[in-house]
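Trainee: My questions are about this predicted structure, shown below with the sequence.
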Amino acid sequence: MTRCLTHSSFKTILRKMQTCFRFQIAVSLILVITANPLLRGFADTPRCRFENIPVIGYLAGHFASPYKVCCPEVGCFETCGDFSHLPTPACAESYGINFKLYTQETQNAPATVGRATAIPAEFDSSVRTIFLIHGWQENRSTPWLPIVKDRLLEQGAANVIVVEWENGADEVWYPQSAANTRTTGAEIALIADRLKQERGVNPSLLWCVGFSLGGHTCGFAGKRTRFGRITGLDPAGPWFAIFKHTARLHHTDADFVDVIHTDGSPLSPGTLLEMGHVDFYPNKGQDQPGCSLDNYEGVYDSDETVLESVRLNVITCNHFRSTAYFLESLNNPECFKATHCECTDLDRLPESCVPCSYDSPQMGIHAVDWDNRIRRQSDKTMKVYLQTNSNAPYCSLPIAPVIPPLPPRQ
C-alpha cells in the first residue's frame, strides 16, 4: 500500500526517527551508569562479591548477571573493575563463531579455520592474514563485508579470514553484544596464536579490520596476542567511549592502530574519542556530506519498503560511511591524504590543527605507509582532518596549503 506524505511531514518523521534512536542510547547510558553498579553490588570491590553487602547483595544475586564467566580454552571474564559497566559476556560456544578463510584461489569457496581442526592447506604463512569483523546486528552478508574481502584479495596474495559472529552481535539488548566483543576477541586471538605456533606466521603480518563493535573486538584480540595492525572503522561509542582503554580499542593493542571516525555526534553509534596511533576525522568525524535529510527529498511519496530503506539509511549513513571510505581507499592509492594534522581540539576542526607536511597520513589501507615512514621514528600519535565528497567517489583533492619538506638531517 502506498502512503503519500508531504515533503515537510516526511522530513519531520525522519528527524523524529533520529531523535528516537539517540533517545534510546541516552536512556540506556543513564541506566548503565546509575543502576548497573547497584545491581552489581559495587563491582569495583576487590572480588566482585556481594555476600557482605546487605540488600544489594540479595538483589544482585537474583537480578544481575554473574560477575564472572569462564569459557573453554580462552579463560575467564569478570565484570568488575574496568568492565563493571558491561553485562557478563557469553562464551562463543553459546552463540557460535566461524572463521572463513578466503584466498585468491578460494575466493568463492572458503575453508574453515577452527580451534582443533587442521589449518587449511590453502593458508599461506608468507603473506598478510587479515581478519574482517562486522558490527552490531550484522552478519556475513552485510553489504560491505564481501566487497572489502574481494578488493583486499585483488590487492595481492593474502589470507582473508571473515569472522562470523552474527548470533553474538545481534542481541536486541545492545550492551550484551557489546560485552560479547570480549569473548569474540579472545577467540580471534586463539586462532591467531595457532597460526603463529603451527605455521610460523610473523605477527607483523596479522591485520584486524573491524567495523563498529568489530573495532573493539579487534582491540580485545590485540590485548591477548600481538597484531601488526588494527584498523577501526568508526568504532562503537556507546559502552566504550567513556570507559578505560583496557575496556575498548587502544593504540597499544597492535604495532599500528589506525581509526576512521565518521559518526561521532553526541548519542550516535560512533565516537570522536582518540584510540589509535593516527585517528582520521573526515568532515570533522561526524555529519558526513551526503547523509543529511535533504538527500531524501525525492522519496517522500513512496511505499513502505522504500520508507523503511530510507529510515535505515538516515540513521546509519554516517556510521557506515567509514566502510565506504575504507573500500574506496583500496581502489585509489592517491586518495584521502590528510590536509590538517596535529589537531588538538576535536570540537574545533580544522581550526585547532596545522597544515600537514608532504608526508601526511593517508586514510584507509595506505595509512600504514605513514607509520613506516614517520610515526615509528618518534612513536607519536596524531589526530588528523580531511574533507571528502558527498557522493562516490568520495576522494577529494587536498585543499590545505602544503608545507615544503624539511631538509635532510645532517
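Mentor: Looks like it came in fine.
Trainee: Can you point out the buried residues in stretch 367-375?
Mentor: Applying a neighbour-count criterion of 16 or more other CB atoms under 10 Å, one finds 367-368, 370-371, 374-375 buried in stretch 367-375. Backbone N, C-alpha and C define where each C-beta goes, glycine included.
Trainee: cool, stretch 163-176 as well?
Mentor: Neighbour counts using 16+ other CB under 10 Å place 163-169, 171, 174-176 of stretch 163-176 among the buried residues.
Trainee: Straight-line length of stretch 369-382, end to end?
Mentor: Using CA to CA, to the nearest Å, the end-to-end distance of stretch 369-382 comes to 14 Å.
Trainee: Stretch 266-275 too?
Mentor: End-to-end for stretch 266-275, by CA to CA: 17 Å.
Trainee: The buried residues of stretch 163-176 in helices, which ones?
Mentor: Assigned to helices by DSSP state H, the following of the buried residues of stretch 163-176 qualify: 166-169, 174-176.
Trainee: could you dump the residues you listed to TSV with pLDDT?
Mentor: As requested, these are arranged in TSV below (pLDDT from 0 to 100):
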residue	pLDDT
E166	97
N167	97
G168	97
A169	97
Y174	96
P175	97
Q176	97
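Trainee: among the residues you listed, which two are most distant?
Mentor: E166 and P175 (17.4 Å; CB to CB).
Trainee: which among the buried residues of stretch 163-176 gets closest to A109?
Mentor: Set against A109, the nearest of the buried residues of stretch 163-176 by CB to CB is E164 (15.5 Å).
Trainee: wait, isn't the closest one in contact with R140?
Mentor: Yes - E164 is within contact range of R140, at 4.8 Å (criterion: CB atoms under 8 Å).
Trainee: ok so, going back, name the nearest of the ones in helices among the buried residues of stretch 163-176 relative to W239.
Mentor: Using CB to CB, P175 comes nearest to W239 of those, at 5.7 Å.
Trainee: how far away is the closest one from F83?
Mentor: Separation of P175 from F83 (CB to CB, to the nearest Å): 11 Å.
Trainee: For the stretch 301-410 of the chain, which segments are assigned as strands?
Mentor: Using DSSP state E, counting those that start in this stretch, the strands of the stretch 301-410 of the chain run over 301-303, 340-341, 354-355, 382-386.
Trainee: Pass me the low-pLDDT residue ranges in this structure, would you?
Mentor: Residues of the chain that meet the criterion pLDDT under 70 lie in 1-65, 293-314, 375-378, 397-410.
Trainee: just the helices in it please.
Mentor: Going by DSSP H, the chain shows helices at 7-39, 56-63, 92-95, 144-154, 166-169, 174-199, 213-222, 304-331, 367-370, 376-378.
Trainee: From the chain's centroid, how far away is the third one?
Mentor: What it means is helix 92-95. Remark: helix 92-95 is offset 21 Å from the chain centroid, using CA atoms, centre = their mean, to the nearest Å.
Trainee: Could you pull out the buried residues of that helix?
Mentor: Neighbour-count burial for helix 92-95, counted by 16+ other CB under 10 Å, picks out 92, 95.
Trainee: Relative to D371, how far out is the nearest residue to S329 once chain neighbours are set aside?
Mentor: Counting by CB to CB, 6 or more residues apart in numbering, G364 is the residue found nearest to S329 once chain neighbours are left out, at 2.3 Å. Distance of G364 to D371, computed by CB to CB: 13 Å.
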